[in-house]
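**Q** Got a predicted structure plus its sequence, pasted below:
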Amino acid sequence: SIFKNRFIRVSVIAIIIVPLLYSLLYLDAFWDPYARIQDMTIAVVNEDGGALLDGKEVNYGEDIVENLKGNEEVGWDFTSNDKANEGLEKQGYYAKFVIPEDFSKSVVAAKEGKPQVADLQFVCNEKKNFLAAQINSQVEKLLKEEIVGTISNNYVTVAFDKLYEAKDGFIKAADGSEKLYNGIGELNEKVPMLAEGANKLGDGSAQLKDGQGALNSGIKSINNGLSEVNSKVPTLGSGVEKLYNGSQELKSGLGTAANGSNALTAGSESLYSAFGNTIYPAINSLKNGANELNGALKAGESSIKTLKEGGEGLKTASGNVAEAAKGINNGYQSVKGGVDQLISGVNTSSAAMKDISKDIITAVKSNPEVAKDPNIQAALVKIQALNESTSETPKQIQGLQAGTKMFGDKLGEFNGAVNMYTGKVNEFATGTIALTDNVNKVSEGVSKISGGLNSLEAGLDENNTGSFGAGLKSVSDNMAALSSGINKLSSGSGEINGGLGQLRSNVPALSGGIQALYNGSNQLVDGSNALVDGQNKLNDGVSELTGKVPQLEDGVDKLYKGSNELATALKDGAGEMKSGLKNSSKEMGDFVSAPINMKNEPINKVPNYGTGFAPYFISLSLWIGAIMMFFVISAKTDDDANLSKFDKVIGKYLSFGFIGLLQALLVSAVVMGLGLTPTSTGMYFASIVFLSLVFIAIIQCLISLFGDAGRLLGIVLLILQLTACAGTFPLEIVPKFFKVINPYMPFTYSVELLREVISANTINYGIVGKDFLILGIVLLVFLTISIVFKNAGENLQNIIEGRKGKSVENIKEQSM
């Protein structure tokens, strides 16, 4: 229900906003003051008059000023000493940095052996702002590091390191010159020996020239021999290439022969198998059938029917025999063709092998160096073995050819017998039709057939010497040996071909080596010619050297005398350098590490944080005290009193003032009890009492006009003063808003007044009078406002209170 009343709603919102304002304003003002330290102005005064260093004018003060101009971390202001002092005492500067007139002279004094620490002056007015003084200490360190770094770097890394290196170098040079002097003395003694040696060198050079001529002739002979060998290398390469190509042809021919022998072996085996499994059993069966037929015919005509059936079977069997005979004849033709091809291939390969062997032997004999090659020797061995193996091949081929011929002859007889058998069988088959008419003729024909079959069976039986079967078996048995021999020939030809391939691949390397030897010999000839030319020039030079030896003797004598003078001069220089370095390395190191003395001479020194923050917290205490007393004592006056507005306001003010007086005295005494020592105790107490009366007048005015809202306004005004009065951080490093409201805040003048009476070495009564005057005006203004608007303020409070009362009653009624 409280949110339905506008006055209560506004009051609640105001109460909520006050803590927010405190956090917002306070943190915003002091969030990162060091980020705006460049707004703090530090005066820089350069009074350095410069100095001379190694004949050049230097001014280290100006160097420091130039470095600071490029440093934007602090608000440097380069000015005169008078303006700096004025700004330090009044408004303008928190500190000043002074470079004295003799600064550069002090820095370079060590050059003359008299190290002198340069004095610099840093002065800050701690009374203006204690935290500013603490920040200035960081500025002082920054300045010192900048200056010390510059001076130390120049001295340590350049000046004295180089001087000591020079001193050591002079000492070493003096020692070296003595050694040079002694060495030249020895050289002076050895010059006659040099002249004698030069003469001997001349004689030896002439002998060397003669020996070099003989060497040059020998080198040319070697070159000519290598030229001849190099010219025959292409012939060797061509011969090896022919050998390789021939071996390729031999390998190909033997491969063909091997394939033919394999086919021949398969064909003979197939022929022999067909003969043994089909032909011979068929003929034997025919023989048995004919014999049985002949017996049956002889048995009588009663067996004509059986004879007729046997004749028909005999006719069918004779057809099979004829077809088998054709297969045998075709197989024989294949075998015969394979044998002929084999014979041709072997003859061709044998002829090619002989030609290749001749070419290889001829090529090797024409190149004795090649004959020594291990690959060539291995290839010759393989060729010899192959020739020996091929010598047996014609004999095996002759046996194969004889067996084939015998097989052909027997095959011819077999074909004749088969033809006769077929004809007879056909006749028999025809005659059986007329068998019933002429049994005797049939019997007679059957007898002839039986006899022919018996002869044929005897001629085909492989167990009978000279028979067709025996010849076919011999051919089949020998084909495996023939195929094995041809395969061995083919394998041997492959090894020959591989060896010749290696020889062929090594020929370019051999050719390249011979060419390299030849080229090297050409270079050797050129080098030898050049050596001869150089030897001639050496002879001329030695002759010229011998002629110059007298001049050398004269020069060495002059060098001996000059080195003596050099040794004397270096000793004198080292002595002067040693006397010039009057200070030790440690002394110079101590000086360079601390070449300046930063004199920190604060004015109006603040001894501790308590003293520095006392003006700020005393003002805060008095303001809080003024607000608190109005929570206990009402600002309203009795309506019955017959008093004017002036009397009412001043009467209340005097009552509050008495309490404020007691608060001020108590605060002043307690703070002094903590250790505070003001410059003037009387001014200290008087100022605090006066501030208490001013703050009471302000709070009385706000509360008498606005009631409880006035208390809230007093707290808001307190928050603004805490952040804008420069009681903690300097005003220059807080946001712009607080700089704008600073002149209108009573704390601005109360803090400045208390700083003056607490921390000033000598109180500046001009500042004190100004602050008393401004705060007195504030006191009178707020008392006047209280008097003038006394009734209006009370009427406003009555209206607010009336509305608040009605709101309370409405809330009670709604709750009932």
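**A** Nice, thanks for sending it over.
**Q** CA atoms for contacts and neighbours, from now on please.
**A** OK.
**Q** shouldn't residue 611 be in contact with residue 679?
**A** No: under the criterion of C-alpha atoms under 8 Å, residue 611 is not in contact with residue 679, lying 11.4 Å apart.
**Q** what about the two, which has more around it?
**A** Neighbours were counted for residue 611 and for residue 679 using other C-alpha atoms under 10 Å; residue 611 has more, 23 against 17.
**Q** Tell me the pLDDT of the more buried one.
**A** Each residue has a pLDDT score; the one for residue 611 is 84.
**Q** ok, residues contacting the helix or strand containing it?
**A** Assigned by DSSP states H and E, residue 611 belongs to helix 609-632. With contacts defined as C-alpha atoms under 8 Å, 6 or more residues apart in numbering, helix 609-632 is touched by 127, 129-131, 606, 656, 660, 663-664, 667, 671, 676, 688, 691-692, 695-696, 699-700, 711, 714, 718, 722, 727-728, 747, 750-752, 754-755, 758-759.
**Q** C-terminal to that helix, what's the next element?
**A** Counting by DSSP H and E, the element after helix 609-632 in chain order, helix or strand, is helix 645-673.
**Q** Now do the buried residues in whichever helix or strand comes after that next one.
**A** The helix or strand immediately downstream of helix 645-673 is helix 681-706, counting by DSSP H and E. In terms of neighbour count (16 or more other C-alpha atoms under 10 Å), helix 681-706 has its buried residues at 683-706.
**Q** before we move on, the earlier item: can I have the buried ones of the contacts of helix 609-632 as a PyMOL selection?
**A** Buried members of the contacts of helix 609-632, defined by 16+ other C-alpha under 10 Å, are picked up in PyMOL with:
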select buried, resi 127+129+130+131+606+656+660+663+664+667+676+688+691+692+695+696+699+700+711+714+718+722+727+728+747+750+751+752+754+755+758+759
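**Q** Show me this structure divided up by domain.
**A** When the chain is parsed with automatic domain parsing, its domains come out as 2-20+606-815, 41-171+576-600, 235-513.
**Q** The closest residue to residue 788 other than its chain neighbours: what's it in contact with?
**A** The shortest distance from residue 788 to any residue other than its chain neighbours is 7.6 Å, reached at residue 645 (C-alpha to C-alpha, 6 or more residues apart in numbering). Going by C-alpha under 8 Å, 6+ apart, residue 645 touches 787, 788, 790, 791.
**Q** for the helix or strand encompassing the last one, what is the average pLDDT?
**A** With secondary structure defined by DSSP H and E, residue 791 is part of helix 790-815. Helix 790-815 shows a mean pLDDT of 67 in the predicted model.
**Q** Kindly report the same for stretch 15-32.
**A** Mean pLDDT, computed over stretch 15-32, is 68.
**Q** same check, this time on stretch 73-93
**A** What stretch 73-93 shows for mean pLDDT is 81.
**Q** Renumber starting at 41 from here on
**A** Done: numbering now begins at 41, and the last item shifts to stretch 113-133.
**Q** Need the overlap of contacts for residue 651 and residue 719.
**A** 798, 799.
**Q** if we can go back for a sec, narrow the contacts of residue 685 to just the buried residues.
**A** Listed as buried from those are 827, 830; burial here means 16+ other C-alpha under 10 Å.
**Q** between the contacts of residue 685, which is nearest residue 316?
**A** Nearest to residue 316 out of the contacts of residue 685 is residue 830 (C-alpha to C-alpha; 158.8 Å).
**Q** who's in contact with the closest one?
**A** 685, 689, 744, 745.
**Q** For the third one, give me the pLDDT.
**A** Same thing as residue 744. So residue 744 comes in at 88 (pLDDT).
**Q** gap between it and residue 59?
**A** Here the distance between residue 744 and residue 59 works out to 24 Å (C-alpha to C-alpha, to the nearest Å).
**Q** ditto for residue 546
**A** Distance, residue 546 to residue 59, using C-alpha to C-alpha: 104 Å.
**Q** Ok, residue 576 next?
**A** According to C-alpha to C-alpha, residue 576 and residue 59 sit 112 Å apart.
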